[in-house]
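# what's the 3D shape of this:
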Amino acid sequence: MTLPQRSKRVMIIGDPSAAIDSLTSAIEAHDPLTEIVQAPDAFVACIECGRHTLDLVFVDVDRIGAYAGRLILAVREGVAGARVIAITRKPSVDPALLAAGSAMVLCGPPSRVGWEAEVEALLETAVRSAPTALGRVPAASLETTPAGYRHLERALEHAHRRENFLATHDGTTGLCNRAAFNDRLEQELSGSRRDGRIAALLRLDVDRFKAFNEAHGSPRGDSLLRHVGERLGSYARSSDLVARLGDDEFALFLRDLRHAEDAAGISESVLQMLAE
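Residues are numbered from 1 along each chain as shown. Alright, predicted model coming up:
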C-alpha cells in the first residue's frame, strides 16, 4: 500500500507585500496543500517556530530590513534542518545573505511565474525540521510575557555576534579570512617599512585537496582544513597572523624576524610540520 505524501509546511517572514503575494501564489500553484505560516516580523517568527515543524523558511529581507542577516542566522541555528530562503526585489544577490546562512536568494521583481521553477525545486527537496523553537522559552510565555522579547533579543544578539565574527573570520577553520588578513597585512607592512623591521609572508595550499574532497566528501575535507589551520596556529607566535584565504589556500605572516634569511628556514619547518 502506498502511503499518501504528507503536505509541506513553510513559513514566510515579512509584512504583506507584492513579493510575498507572488511567493504565496507560486507555492500554491505547485502544491495547493502546502501549509503556509505567516509571520509579519521577527518576534512572531520566534513564536511560530516553537509551534510548528517546518520544511522551508522564506525571509523577505527588504521588509525585515537591517535585522535580516541576524534573523537568518537565528533561524538557521534555531530551526534544525529547515532551509532558509531570502527573497528580495533587488536584481542581484547580496553575498552577505548567503554568508548569514541563506540556502539561496530569490531576487528581482516579484513574479509568480518567475519564481515558480525555484519554488517547485525547493518544495520537492525540502526536509522537515524537528520541532523546535529559537531557544527554550515555551510559545505561550512568548505571547504573554516580556520573556519573549528578551528571548528574541538574546537570539538576535547571538546571531549578531556570529555575523560580526564571520565578517572577519573563516567559518570552517575560525582563522582570519582573506579580507581581514589583507587589511592587517597592509598595516603590518606599513609598520615594518616605517620601523625598519623584517617580516615574511608565507602562502601555501593543500596538495590534491580537491581530489581528497571529492573522494571523501565535504565533512572530511573541512576536517582536514581545520587540522591544517590548527597546526599553523600552534606553530605561529602570538605576534604572527594566520589566515585561510579561500578553498585550500592559507597564509602565515611572520613579524619581527632577526634576519631575512630566516624566512627560508621557517618555510621548511612549516612544510615539514604539515607533512607529519
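
# where along the stretch 151-276 of the chain do the strands fall?
Along the stretch 151-276 of the chain, counting by DSSP state E, counting those that start in this stretch, strands occupy 198-205, 241-246, 249-257.

# right, and the ones you listed - which one's nearest I85?
strand 241-246 (25.3 Å; Cβ to Cβ). Yep, even glycine has a C-beta here, placed from its N, CA and C like the rest.

# out of the strands of the stretch 151-276 of the chain, which one sits most buried?
strand 241-246 (a mean of 20; mean count of other Cβ atoms under 10 Å).

# so that strand versus strand 249-257, what angle?
Angle, strand 241-246 to strand 249-257, by axes from the mean of the first three to the mean of the last three Cα atoms, to 10 degrees: 160 degrees.

# just to revisit the earlier point, so which of the strands of the stretch 151-276 of the chain comes closest to A96?
strand 241-246 (16.9 Å).

# residues in contact with that closest one: which ones?
170, 172-173, 175-178, 180-181, 184-185, 188, 203, 225, 229, 232-233, 236, 250-253, 255 (Cβ atoms under 8 Å, 6 or more residues apart in numbering).

# circling back: in CSV, list the strands of the stretch 151-276 of the chain along with mean pLDDT and distance to G69.
Below are these laid out as CSV (pLDDT from 0 to 100; distance: least, Cβ to Cβ, whole Å):
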stretch, mean pLDDT, distance to G69
strand 198-205, 90, 30
strand 241-246, 92, 21
strand 249-257, 91, 26
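
# now do the spatially closest residue to G101 that is not a sequence neighbour, the pLDDT please.
Sequence neighbours aside, R76 is the residue nearest to G101 in space, at 3.7 Å (criterion: Cβ to Cβ, 6 or more residues apart in numbering). According to the prediction, R76 has pLDDT 74.

# got it, and the one 4 residues further on?
The model reports A80 with a pLDDT of 60.

# output the lowest mean pLDDT helix or strand found in the protein.
One helix or strand of the chain scores below all others by mean pLDDT, DSSP states H and E: helix 139-144, with a mean of 37.

# the contacts of strand 241-246, buried ones only, as a ChimeraX selection?
Buried residues among the contacts of strand 241-246 (16 or more other Cβ atoms under 10 Å), as a ChimeraX selection:
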select :170,173,175,176,177,180,181,185,188,225,229,232,236,250,251,252,253,255
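
# roughly how far apart are the nearest residue to S269 once chain neighbours are set aside and S267?
Leaving aside its sequence neighbours, S269 sits nearest to Y235 (Cβ to Cβ, 6+ apart; 7.6 Å). Distance, Y235 to S267, using Cβ to Cβ, to the nearest Å: 11 Å.

# how far away is L189 from S22?
The value you get for L189 to S22, if Cβ to Cβ is used, is 50 Å.

# so the two - more neighbours on which side?
S22 (21 against 14; other Cβ atoms under 10 Å).

# ok, the spatially closest residue to E249 that is not a sequence neighbour - contacts?
Spatial nearest neighbour of E249, chain neighbours left out: D205 (4.8 Å); criterion: Cβ to Cβ, 6+ apart. Going by Cβ under 8 Å, 6+ apart, D205 touches D247, D248, E249, F250.

# isn't the last one right up against R231?
Going back to what we said before, that points to F250. No - with contact defined as Cβ atoms under 8 Å, F250 does not count as touching R231 (9.8 Å).

# what's the local residue count around P219?
Applying other Cβ under 10 Å, we find 9 residues neighbouring P219.
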